[in-house]
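>>> this one's structure only:
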């Protein structure tokens, strides 16, 4: 009789070896791969493998590790950090790993307490029939009645539609189609560190209207482009980003609060919940995804939050939508990288940041793009990231590297902010590499004078700045008449055009037609003042004219009104006619 071979010893289970804050060292007798997820301890804390050395691995924990100790069990998940993507993300508030924050999403959605992700239903309308052969990214049907959401064939699936659900109300996890033997649901999972595929990247040449005149006129951004907003404490970064989230003409907003104060995030959530969406008439929150990883939440979840936000933005982009991703702020994301690199014992580079900081920043901003998606439609992800340089020092590593990778820079000036000039975007230190392409787009749309207006405003502001230091030394009365008019022109441009009142219903948002009307009105008045000075009129008489109607036109005219602006221009021109020559 042959005896059965004795069973070998059971494989050793993975265990925690050492805990140092968010860095956990584990034994890994079973094979693990870089970026694999693991669950740590009895509370199943989420972590990610970041280094492998023989039969041990280093894990960054995304949750507070208090109570975790050597010897506690570790369970490898065999997959990278992935998030659930579904239409029910809209209107919700999530942490850095896209887990719902209890009660927050319910507050925004205005639904019952049990109506969270996976329990809300959506109207599905089929766009194909059973038996149709489809490829990756093809549209299978429409979802909902607000934002134009679509059910798409997954990126790695193609074949014949063998089953298709009828029109009706369906949950995000219901099987709506079977394509090539694969079940298709509204909800899907995707690794956050892997960009979603597109058919082709397109040139960014369609303007993104933000409603902020300083941006739309002087430093415009294209859909699918990148923006950095550096500024010291108190210069209005969060206020500017909130205004863009409220008023820009994107289809979906993804707002990630990365290491910001909890009270600021609470204000953002509350305002989004209360604000009426000018596009749909509903609430703005209904087309917004808010990811909150505040300064009192686990630090390493902050590191993952920007990738989570980029993945969510790409999910909606693949439906042919224009998405704006707002990250506030990337400096605190970089601080999380620095702290973890220090715990890992990595050789520090500038100011203690890891040597790979520049490549990490570049990879994040690279996920912005205007693209032809797999289904044939066009969509875009525009990334706007705030930068918080310590002490306003723009030579520090995060700011310096970021400026290399973005196409637009909206630098916030402390002096303007302290003078209560909003938005405090410096026209001397900012730039837009998108401006030439957008000038061509405006010309194709019938506004061939856009580039000339922009260039002239920029030149007048630069000339006024050049004279400002001289005025402080010798006084404005010592200047020649033409230069005194340049100083006056700078004041009119700043106060009547560039400045906005974020709290005014009429001025918080400026439509393109109102912005163009204000530019034309101010430049016309400036030209008339220069003509009077050249004709021999006393500059004191020109400066003494009451320009109040022009200065107030931005608030007396509604967000898209032009007639009150023209009336204010004509009133001031009438007063200038009385100046003796």
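Looks like it came in fine. Here the structure is a predicted model, which means the values were calculated and not measured.
>>> can you list the residue ranges for helices in the stretch 1-150 of the chain?
With DSSP state H, counting those that start in this stretch as the criterion, the stretch 1-150 of the chain has helices at 104-109.
>>> pull the longest helix from this structure.
Taking DSSP state H as the criterion, the chain has its longest helix at helix 450-474.
>>> what residues sit buried inside the next helix or strand after that helix?
Following helix 450-474 in sequence order, the next helix or strand is helix 481-493 (DSSP states H and E). In terms of neighbour count (16 or more other C-beta atoms under 10 Å), helix 481-493 has its buried residues at 481, 483-490, 492-493. Every C-beta, even on glycine, is put in place using the N, C-alpha and C of the backbone.
>>> which ones are touching residue 201?
369-372 (C-beta atoms under 8 Å, 6 or more residues apart in numbering).
>>> in JSON lines: those residues, plus secondary structure and pLDDT.
Compiled in JSON lines, the contacts of residue 201 are given as follows (DSSP: H, G, I helix; E, B strand; the rest coil; pLDDT from 0 to 100):
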{"residue": "369", "secondary structure": "strand", "pLDDT": "96"}
{"residue": "370", "secondary structure": "strand", "pLDDT": "97"}
{"residue": "371", "secondary structure": "strand", "pLDDT": "97"}
{"residue": "372", "secondary structure": "strand", "pLDDT": "97"}
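>>> in ChimeraX, how would I select the buried members of those?
Per 16+ other C-beta under 10 Å, the buried members of these correspond to this ChimeraX selection:
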select :369,370,371
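>>> re earlier: now, among the buried residues of helix 481-493, which is nearest to residue 34?
Among the buried residues of helix 481-493, residue 493 lies closest to residue 34 (C-beta to C-beta), at 53.6 Å.
>>> count of neighbours near the residue nearest to residue 72 when sequence neighbours are not counted?
In space, and not counting its chain neighbours, residue 72 is closest to residue 41: 4.1 Å by C-beta to C-beta, 6 or more residues apart in numbering. By the other C-beta atoms under 10 Å criterion, the neighbourhood of residue 41 contains 20 residues.
>>> ok, residue 41 touching residue 73?
Yes. Using C-beta atoms under 8 Å, residue 41 is in contact with residue 73, at 6.8 Å.
>>> and for those two, which residues touch both?
Common neighbours of residue 41 and residue 73 (C-beta under 8 Å, 6+ apart) are residue 16.
>>> ok so, going back, who touches the longest helix of the chain?
Against helix 450-474 from outside (C-beta under 8 Å, 6+ apart): 217-218, 427-428, 435, 439, 442-443, 479, 483, 486-487, 489-491, 493-494, 497-498, 516, 519-520, 523, 526.
>>> swap in stretch 391-400?
228, 230-232, 235, 330-331, 334, 349-351, 353, 357, 361, 387, 389-390, 403, 411, 414.
>>> PyMOL command to pick out the buried ones of those residues?
Here is the PyMOL command that selects the buried residues among these (16+ other C-beta under 10 Å):
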select buried, resi 228+230+231+232+235+330+331+334+353+357+361+387+389+411
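>>> list the ones among the contacts of stretch 391-400 that fall in strands.
228, 230, 387 (DSSP state E).
>>> which residues does residue 305 contact?
Applying C-beta under 8 Å, 6+ apart, the residues near residue 305 are 95-97, 256, 258, 291, 293, 333.
>>> now swap in residue 493 and tell me
Counted by C-beta under 8 Å, 6+ apart, residue 493 has contacts 457, 460-461, 464, 522, 526.
>>> among those, which one has the most neighbours?
Highest count within these by other C-beta under 10 Å belongs to residue 522, 28 neighbours.
>>> A helix includes that residue, no?
Yes. Under the criterion used here (DSSP: H, G, I helix; E, B strand; the rest coil), residue 522 sits inside a helix.
>>> quick one: the strands in the stretch 1-150 of the chain?
Taking DSSP state E, counting those that start in this stretch, the strands of the stretch 1-150 of the chain run over residues 16-20, 23-27, 36-40, 45-53, 56-61, 74-80, 82-85, 93-94, 121-126, 133-134, 139-143, 149-152.
>>> do you know which of those strands lies nearest residue 376?
Closest among the strands of the stretch 1-150 of the chain, once you apply C-beta to C-beta, is strand 139-143, at 8.6 Å.
>>> in its sheet, which strands sit next to that closest one, and in what direction?
Within its sheet, strand 139-143 is paired with strand 121-126 (antiparallel), strand 149-152 (antiparallel), according to DSSP bridges.
>>> from those strands, which stretch is densest packed?
Neighbour counts (mean count of other C-beta atoms under 10 Å) averaged over each of these peak at strand 149-152, with a mean of 25.
>>> that one: how far from the chain's middle?
23 Å (C-alpha atoms, centre = their mean, to the nearest Å).
>>> what's next to that strand, contact-wise?
By C-beta under 8 Å, 6+ apart, the list of residues contacting strand 149-152 reads 87, 122, 124, 127, 137-143, 176-177, 184, 186, 316, 318-320, 374-375.
>>> now for the helix or strand just after it, which elements pack on it?
Using DSSP H and E, the next helix or strand after strand 149-152 towards the C-terminus is strand 159-164. With contacts taken as 3 or more C-beta pairs under 8 Å, 6 or more residues apart in numbering; DSSP states H and E, strand 159-164 sits against strand 133-134, strand 139-143, strand 175-179.
>>> list the contacts for the closest residue to residue 13 other than its chain neighbours?
If the residues on either side of it in the chain are set aside, residue 13 comes closest to residue 73, at 6.1 Å by C-beta to C-beta, 6+ apart. Counting by C-beta under 8 Å, 6+ apart, residue 73 makes contact with 13-16, 41-42.
>>> now, of those residues, which are buried?
For the contacts of residue 73, buried by 16+ other C-beta under 10 Å: 14, 16, 41.
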